[in-house]
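Asker: pasting the structure only:
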């Protein structure tokens with residue numbers, strides 16, 4: 001009896017041979033494409049047993065070039081990445097210290113210090129975090145896409161929530177955007193202090209630090225800046241970028257700045273003999289003595305000059321705390337107004353209204369939204385190219401200042417912050433991966449803004465009715481000026497935005513229509 005599988009194979013072979021001979025030469029199938037159905041279990045076992053296995057060859061220098069120059073759009077991102085790494089290192093120390101307070105040793109405080117050296121063209125950042133052993137330096141910094149934070153979470157988090165930032169293991173390499181050489185000095189409690197050196201090539205060096213334990217605990221990263229990146233030797237540039245990206249980091253960030261002071265210094269008057277010698281001939285000398293009540297007193301005149309001195313000082317940069325993380329009941333109106341001014345660089349006006357809340361569900365996030373007091377002068381100069389004024393944070397680190405998908409264009413006057421621990425980022429942390437979550441957030445934020453405006457309009461109408469009742473009971477001569485109508489003030493500034501919203505936002509058209517005024 002003929003085996004069915006064998007018969008099928010023979011017939012298939014005859015069909016292939018017949019097709020090959022009946023085709024024209026130019027139509028012959030020289031390299032037939034095999035699909036998974038073409039392999040039997042026996043074929044697969046032969047392939048698996050006889051196949052040669054090879055690893056992917058990586059051209060390290062080319063890969064480093066791709067990582068350094070393709071992931072990030074702005075050079076100053078390296079400041080954010082290094083501070084985020086330092087913050088994670090400090091978080092690890094704090095977590096371990098909860099279970100073992102003695103782990104802190106003499107360094108009780110976790111902090112981050114940033115400094116620069118114009119003479120040597122260097123930029124340095126030092127933290128009192130957990131530090132790295134020699135093995136950690138080789139493994140974490142010498143292996144691309146190896147995240148020490150991810151390994152730490154896997155090792156100790158058993159049902160515990162850790163709010164650490166690093167996850168991809170490539171943020172450190174952003175340092176090569178601005179530097180030709182990087183030196184990392186690190187001290188861990190379980191090892192001696194070591195130094196890691198690399199110039200973004202195929203190799204790196206690790207050696208025991210001949211200076212001994214100069215850090216106590218923690219890590220210091222020093223960048224030797226490229227000639228076209230010397231603006232990062234400017235304390236104002238450094239301060240601006242720290243406040244922009246890392247102002248709400250949990251730990252204090254200190255910047256070593258050159259402070260200038262003025263003081264007054266007394267100038268010595270010339271002696272009497274010198275004054276006489278310098279008196280021109282023929283000029284009458286003035287008597288330096290005065291007689292008062294029978295006493296002879298010398299008339300003294302002291303002169304002062306202003307002298308400028310300077311000295312290096314450590315100044316805390318991240319003064320503002322993440323207000324949205326605090327309980328609403330513990331925050332005063334003055335604190336909300338102060339945070340608004342710090343966020344928007346507004347110096348005089350307070351917001352018309354604000355909303356502070358959080359959302360739980362498919363995506364968890366907290367936010368503070370503000371309705372400004374007045375509109376910017378260029379509100380409609382580039383309406384369709386203008387992005388949202390909301391700042392998007394992920395784990396208190398700024399991801400984007402103007403994320404266009406977070407709120408619709410007609411609400412681009414709304415200011416505030418949105419922070420989430422759940423948003424998945426791509427490797428550069430500058431884009432978000434799952435737009436579905438952004439749509440959920442956007443829907444919630446739009447609903448919140450519209451409800452703020454509806455409430456503002458309702459409160460204003462109630463105030464108007466009360467004023468009318470009060471005016472009816474008063475004489476015409478005793479009428480007082482009506483209270484400021486907040487919604488009318490809003491409508492004067494942003495009424496055109498609401499009209500555009502009625503046109504553009506079909507889903508919320510009926511709600512927006514109630515806000516129209518004529």
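Answerer: Looks like it came in fine. Here the structure is a predicted model, which is why all the values come from computation and not from measurement.

Asker: pop the domain breakdown of the chain in here.
Answerer: What automatic domain parsing lists as the domains of the chain is 61-257, 321-473+480-518.

Asker: which one of those domains lies nearest to residue 311?
Answerer: Among these, domain 61-257 comes nearest to residue 311, with 9.9 Å by CB to CB. From N, CA and C alone the C-beta is placed, and that goes for glycine too.

Asker: how about stretch 314-324, which residues are buried there?
Answerer: 317, 318, 322, 323, 324 (16 or more other CB atoms under 10 Å).

Asker: wait, residue 118 touches residue 233, no?
Answerer: Yes. Under the criterion of CB atoms under 8 Å, residue 118 makes contact with residue 233 at 4.8 Å.

Asker: redo the buried residues of stretch 314-324 as TSV? Include secondary structure and pLDDT.
Answerer: TSV is the format used below for those (DSSP: H, G, I helix; E, B strand; the rest coil; pLDDT from 0 to 100):
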residue	secondary structure	pLDDT
317	coil	94
318	coil	90
322	coil	88
323	helix	92
324	helix	92
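
Asker: turn those residues into CSV, columns for distance to residue 379.
Answerer: Formatted as CSV, the buried residues of stretch 314-324 follow (distance: CB to CB, whole Å):
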residue, distance to residue 379
317, 32
318, 31
322, 29
323, 26
324, 26
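
Asker: ok, which pair from those is furthest apart?
Answerer: 317 and 324 (19.7 Å).

Asker: and stretch 394-414, what's buried?
Answerer: 394-400, 403, 406-414.

Asker: so of the residues you listed, which ones are in strands?
Answerer: Among the buried residues of stretch 394-414, DSSP state E puts 394, 397, 398, 399, 400 in strands.

Asker: and the furthest pair within those?
Answerer: 397 and 400, at 10.8 Å, using CB to CB across those.

Asker: need the residues touching each of these two.
Answerer: Common neighbours of residue 397 and residue 400, using CB atoms under 8 Å, 6 or more residues apart in numbering, do not exist here.

Asker: quick revisit: looking at residue 118 and residue 233, which has the bigger crowd around it?
Answerer: residue 233 (17 against 12; other CB atoms under 10 Å).

Asker: what segments of the stretch 301-450 of the chain are strands?
Answerer: Ranges of strands in the stretch 301-450 of the chain, per DSSP state E, counting those that start in this stretch, are 303-316, 353-359, 365-371, 389-394, 397-400, 415-420.

Asker: same question, the stretch 101-250 of the chain
Answerer: 112-117, 122-127, 179-187, 194-198, 204-208, 218-225.

Asker: quick one: strands adjacent to the third one?
Answerer: Based on DSSP bridges, the pairing partners of strand 179-187 within the sheet are strand 194-198 (antiparallel), strand 218-225 (antiparallel).

Asker: residue contacts, residue 416?
Answerer: Counting by CB under 8 Å, 6+ apart, the residues that residue 416 touches are 343, 354, 367, 368, 369, 370, 389, 390, 391.

Asker: what about the protein, any weak spots by pLDDT?
Answerer: By pLDDT under 70, the weakly predicted segments of the chain are 1-37, 53-71, 143-170, 200-202, 268-302, 382-388, 402-403, 424-435, 460-484.

Asker: could you pull out the helices for it?
Answerer: 4-22, 41-50, 60-70, 77-99, 134-136, 142, 148-156, 235-246, 272-277, 333-344, 435-472, 486-504, 509-513 (DSSP state H).

Asker: counting contacts, what elements does the shortest one pack onto?
Answerer: This points to helix 142. Helices and strands touching helix 142, by 3 or more CB pairs under 8 Å, 6 or more residues apart in numbering; DSSP states H and E: there are none.

Asker: residues contacting it, please?
Answerer: By CB under 8 Å, 6+ apart, helix 142 touches 196, 204, 206.

Asker: I'd assumed residue 186 was in contact with the first one.
Answerer: Yes. With contacts defined as CB under 8 Å, residue 196 counts as touching residue 186 at a distance of 7.3 Å.

Asker: redo the strands paired with strand 179-187 as TSV? Include distance to residue 496.
Answerer: Output for the strands paired with strand 179-187, formatted as TSV (distance: least, CB to CB, whole Å):
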stretch	distance to residue 496
strand 194-198	55
strand 218-225	47
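
Asker: pick the most buried one from these.
Answerer: strand 218-225 (a mean of 22; mean count of other CB atoms under 10 Å).

Asker: now that strand against helix 77-99, angle please.
Answerer: Angle between the axes of strand 218-225 and helix 77-99 is 170 degrees (criterion: axes from the mean of the first three to the mean of the last three CA atoms, to 10 degrees).

Asker: for residue 120, see how far away residue 174 is.
Answerer: Remark: distance between residue 174 and residue 120 (CB to CB, to the nearest Å) = 21 Å.
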